[in-house]
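Peer 1: can't give you the sequence, but here's the structure:
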């Protein structure tokens, strides 16, 4: 299984040592984070981002490629709600669909579930 975090997933786990230990024991760590998620998850102020930055350093940050971006566009359109679903959520879903047994930890389970319905590979969506 592959754990993927969106901005809500980062927020949910930042500063949560016990949850990180549990994820390691379950073989779900390190998590993967598409690089564009950092733009949504961080503020740029190292004081406010302290816990998120500590968490991110323990994750695998993955580049977003043109095929990921094109698949994200396809997924957003397929939901019938491309104007209300964030592009970053679509990129997370597109990236997850390339991973083995993906689990996306998010605070926006509704949109990620809608996107995952149209993905080539099943994606498990978990609320952070």
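Peer 2: In hand now; what should we look at? Computed from a predicted structure; not experimentally measured.
Peer 1: mind jotting down where the strands sit in this structure?
Peer 2: In chain order, the chain shows strands spanning 2-5, 32-34, 60-62, 102-106, 124-127, with DSSP state E as the criterion.
Peer 1: need the residues that contact the longest one.
Peer 2: With Cβ atoms under 8 Å, 6 or more residues apart in numbering as the contact definition, strand 102-106 has outside contacts at 1-6, 8-9, 12-13, 28, 31, 89, 92-93, 96, 112, 116, 121, 123-128. Placement of C-beta: from N, CA and C, glycine included.
Peer 1: grab the nearest non-local neighbour of residue 96.
Peer 2: Of all residues beyond its chain neighbours, the one nearest residue 96 is residue 102 (3.9 Å), with distances taken as Cβ to Cβ, 6 or more residues apart in numbering.
Peer 1: so what's the one you found bridging to?
Peer 2: With beta bridges defined as DSSP bridges, residue 102 has these partners: residue 2.
Peer 1: that one - how many residues pack around it?
Peer 2: By other Cβ atoms under 10 Å, 23 other residues sit near residue 102.
Peer 1: separation between it and residue 6?
Peer 2: Residue 102 sits 12 Å away from residue 6, going by Cβ to Cβ, to the nearest Å.
Peer 1: next: residue 12.
Peer 2: Distance of residue 12 to residue 6, given as Cβ to Cβ: 10 Å.
Peer 1: between those two, which one's more packed in?
Peer 2: The neighbour comparison of residue 12 against residue 6 (other Cβ under 10 Å) goes to residue 6, with 31 against 19.
Peer 1: residues contacting that one?
Peer 2: Taking Cβ under 8 Å, 6+ apart, one finds 37, 40, 41, 88, 89, 92, 104, 105, 106, 107, 108, 112 in contact with residue 6.
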